[in-house]
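S.K.: any chance you can model this:
(one chain, ligands or ions: 3)
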Amino acid sequence: MSGQRKSMLSGGIAKQALKDSFMKLNPAVMMKNPVMFVVEVGTFVVLLMVLFPSYFHTEGRIGFNLTVFLILLFTVLFANFAEALAEGRGKAQADTLKKSKKDTTANKMVGGEIKVVSSAELRKGDVVIVSQGEMIPGDGEVIEGLASVDESAITGESAPVIKEAGGDFSSVTGGTRVVSDEIKVMIKSDPGESFLDRMISLVEGAARQKTPNEIALNTLLTTLTLIFLIVVVTLAPIAKYFGISLDIPVLISLLVCLIPTTIGGLLSAIGIAGMDRVTQFNVLAMSGKAVEASGDINTIILDKTGTITFGNRMASQFIPVGDADYEETAYWAAVSSVKDETPEGRSVLELVKKQSMEVHPEAAAGEFIEFKAETRMSGIDLTDGRHVRKGAVDAVKRWVQAQGGSIPADLDMESDKIASEGGTPLAVAVDSRIYGLIHLKDTVKPGMKERFDQLRQMGIKTIMCTGDNPLTAATIAREAGVDDFIAESKPEDKIAVIRREQAEGKLVAMTGDGTNDAPALAQADVGLAMNSGTAAAKEAANMVDLDSDPTKIIEVVAIGKQLLMTRGALTTFSIANDVAKYFAIIPAMFMAAIPEMNVLNVMKLGSPLSAILSALIFNAVIIPLLIPLAMKGVAYKPISSSRLLSRNLLIFGLGGVIAPFIGIKLIDLVVHLWI
Ligand SMILES: Nc1ncnc2c1ncn2[C@@H]1O[C@H](COP(=O)(O)OP(=O)(O)OP(=O)(O)O)[C@@H](O)[C@H]1O
Ligand SMILES: [K+]
Ligand SMILES: [Mg+2]
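M.R.: Ligands and ions are numbered 1, 2, ... in the order given. Below is the predicted model:
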């Protein structure tokens, strides 16, 4: 996806943006941007003076007024172009996505039979069969089977992913293709509400709303504009007192130079480009607010399994405890896992098979007890009345004790041994007797320590929240270098941690993929759901990572920070610029009548008229010159925010004051040749 989109930026998008810049001249559209609207009104007034010079008695100044009109028009067009360019990429991407949203046929299950219907007819709750080579007709969850699915239409990633019933990898997206095997899918969205629909309207910008930060800044800019409007209007009588007559185009030029046109012209482009940068990282942000919030995050909550570790926890060994023997332990571990579809459950069966043992299906007849994050156990209630369980050691211990059983003396020692190596011990029990342990092995992903170091430098605290036991948690936490961890946590504990941090006034981000993560994802200020995760998680979150890489929250935070910094930097630059322009124009205008003004005339510009035109030209061209910066964002390094602030003030504040002096002087040298 990103490759495709980059190439489109050069040609088609620029051309379209050029067209859009003129369309956006419509006053009804311009009004949303008060600073640029004032410029547009000024442009119109000057145009009238050019068109009807005799009415305004400006016959002698047609050349000058026409020049002012053209520069003003370009100022507005440049600002429109910035916004249109920023919107362009998203629109192009939306077009690509729309192509993959063609109607397909679906094999719908109706009363045990298969009926071929159009995908547009599918509703929530319908069940469809999708076989090799077919397009998945709508968003849903796999309820039977396992298949590899090509999701490149959405993620841009060509390697197929495995989708299977049960667990956190069961959700499928309409418009993706089954490349092998067959799955039964329950549809989870009504027409027009699919993930692809949402994605299209997001990248298209149709759902874009101004963020609270943008609104606040806009208010500030509008206020500044009003103040300068009053200043300029009152300037005319003052000038008259000194015997200088300032005509209207000059006053309008002065006004446009003084109001914050640079940031006013680039503000919405900065916001759109920020969201677009997130999209280029294959993360879908549901709102600009979410992207901005990620720039201010203080705390990140991550889960352990699958985020910090690879997550394919595999059974590696059985350890009998008490007077149980190895075969018994392995046997009951297998019985408890016969119907357990989780990777952990399947790995138990694989290990048993590898050790050439066997569990007869009849030996495991009964009611399956599915793994739940709340109970942290799974198992089976056999038809002969026996209850078999495996699960987190503390959970199984409590379950056994509740039935009057006792705990084998060596259980804790053996389970601590596994945990201190970073492994996950699962206890295996039948009714009131614990037989032994399963050693689940998992590995910390490489480079985690560096990632967390980076976050620490950004001033962000990381908390690992895991359902695993405290010893395993501590081992992994140390190995990965997170700041803090919470063990044996249930879904509601994750929410509690988030609320606790929020109560201290902190902004919290959280990544997750399971249905049981959904409430916490919704509670967090930034909830990043994995695309591989369940529909519930994706709906609750305000961002979805199409690559399902939970550590991508780090890039999202960096992009958010970059967005806030870019906006701050260009605001500083813009206002500093305007102050400098003041020194260019005012002395030039009043010099003739008030010789004392000459001390302010540090720039020694050619003539009052060339000073005004030069300042106005500088004011216009600075907008396109800054478009690349607005789109790319200012460079971000993970250093403390106070150091960042002082660095940016130096570059953009001081730079903003100095640049116009040099720029206007250079332009004046050329302009003065003509007038
Ligand atoms: N299939 C299973 N059957 C029985 N118990 C399991 C199974 N899978 C995990 N457990 C136990 O339940 C605990 C909680 O699992 P859960 O998936 O909620 O959290 P986790 O994977 O350990 O941690 P994280 O929140 O970091 O993903 C695990 O630590 C493990 O002890
Ligand atoms: K300006
Ligand atoms: Mg988990």
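S.K.: switch to C-alpha atoms for all contacts and neighbour counts from now on
M.R.: OK.
S.K.: at which residues are the helices of the stretch 51-200 of the chain located?
M.R.: Remark: helices assigned in the stretch 51-200 of the chain by DSSP state H, counting those that start in this stretch are 53-56, 62-99, 152-155, 195-204.
S.K.: show me what contacts Ile154?
M.R.: Neighbour list for Ile154: Leu97, Thr176, Leu196, Leu546 [criterion: Cα atoms under 8 Å, 6 or more residues apart in numbering].
S.K.: is stretch 249-260 up against ligand 2 anywhere?
M.R.: Yes: Stretch 249-260 lies within reach of ligand 2 by Cα under 5 Å from the ion, at Cys257, Leu258, Ile259, Pro260.
S.K.: up against ligand 2, what does the stretch 101-250 of the chain have?
M.R.: Within the stretch 101-250 of the chain, no position is near ligand 2 by Cα under 5 Å from the ion.
S.K.: now the stretch 101-250 of the chain against ligand 2: closest residue?
M.R.: Residue nearest to ligand 2 within the stretch 101-250 of the chain: Thr225 (9.5 Å; Cα to the ion).
S.K.: distance check, that residue against ligand 1.
M.R.: Using Cα to the nearest ligand atom, to the nearest Å, Thr225 is found at 52 Å from ligand 1.
S.K.: same deal with Asp545?
M.R.: From Asp545 across to ligand 1, the span is 17 Å (Cα to the nearest ligand atom).
S.K.: from Ala474, how far off is the closest residue to that residue other than its chain neighbours?
M.R.: Spatial nearest neighbour of Asp545, excluding adjacent residues (Cα to Cα, 6 or more residues apart in numbering): Val283 at 4.4 Å. Distance of Val283 to Ala474, given as Cα to Cα, to the nearest Å: 31 Å.
S.K.: now do Asn312
M.R.: Asn312 sits 19 Å away from Ala474, going by Cα to Cα.
S.K.: dump the C-alpha coordinates for stretch 257-274 into CSV.
M.R.: Extracted C-alpha coordinates of stretch 257-274, given in CSV (Å, rounded to 0.1, in the frame of the first residue of the first chain):
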residue,chain,number,x,y,z
CYS,A,257,1.5,40.8,6.6
LEU,A,258,0.7,41.1,10.2
ILE,A,259,-1.9,38.4,10.7
PRO,A,260,-0.7,34.9,11.2
THR,A,261,-1.1,33.7,7.6
THR,A,262,1.7,31.2,7.7
ILE,A,263,0.2,29.0,10.4
GLY,A,264,-3.3,29.9,9.3
GLY,A,265,-2.5,28.6,5.8
LEU,A,266,-0.7,25.4,7.0
LEU,A,267,-2.7,24.5,10.1
SER,A,268,-5.1,22.0,8.6
ALA,A,269,-2.4,20.5,6.3
ILE,A,270,-0.4,19.8,9.5
GLY,A,271,-3.3,17.9,11.0
ILE,A,272,-4.2,15.9,7.9
ALA,A,273,-0.5,15.0,7.2
GLY,A,274,-0.1,13.8,10.8
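S.K.: centre of the chain versus that stretch, how much separation?
M.R.: 21 Å (Cα atoms, centre = their mean, to the nearest Å).
S.K.: so for that stretch, mean pLDDT?
M.R.: For stretch 257-274, mean pLDDT is 94.
S.K.: near ligand 1 at all, the helix or strand hosting Val335?
M.R.: Using DSSP states H and E, Val335 sits within helix 326-337. No: Helix 326-337 is not in contact with ligand 1 by Cα under 6 Å from any ligand atom; minimum separation 7.5 Å.
S.K.: just the buried residues of that helix, please?
M.R.: Tyr326, Thr329, Ala330, Tyr331, Trp332, Ala333, Ala334, Val335, Ser336, Ser337 (16 or more other Cα atoms under 10 Å).
S.K.: so who does the most centrally placed residue in the chain touch?
M.R.: When the chain is reduced to its mean C-alpha position, the nearest residue by Cα atoms, centre = their mean turns out to be Ala285, at 4.2 Å. By Cα under 8 Å, 6+ apart, the contact list for Ala285 reads Leu202, Met275, Val278, Thr279, Val291, Asn542, Met543, Val544.
S.K.: let's see 6 Å
M.R.: Residues near Ala285 by Cα atoms under 6 Å, 6 or more residues apart in numbering: Met543.
S.K.: likewise His387?
M.R.: His387 neighbours (Cα under 6 Å, 6+ apart): Asp381, Val430, Asp431.
S.K.: beta partners for the second one?
M.R.: Applying DSSP bridges to Val430 gives these bridge partners: Val388, Arg433.
S.K.: what's Asp340 sitting at in phi/psi?
M.R.: Asp340 adopts backbone torsions of phi -80, psi 110, taken as degrees, to the nearest 10.
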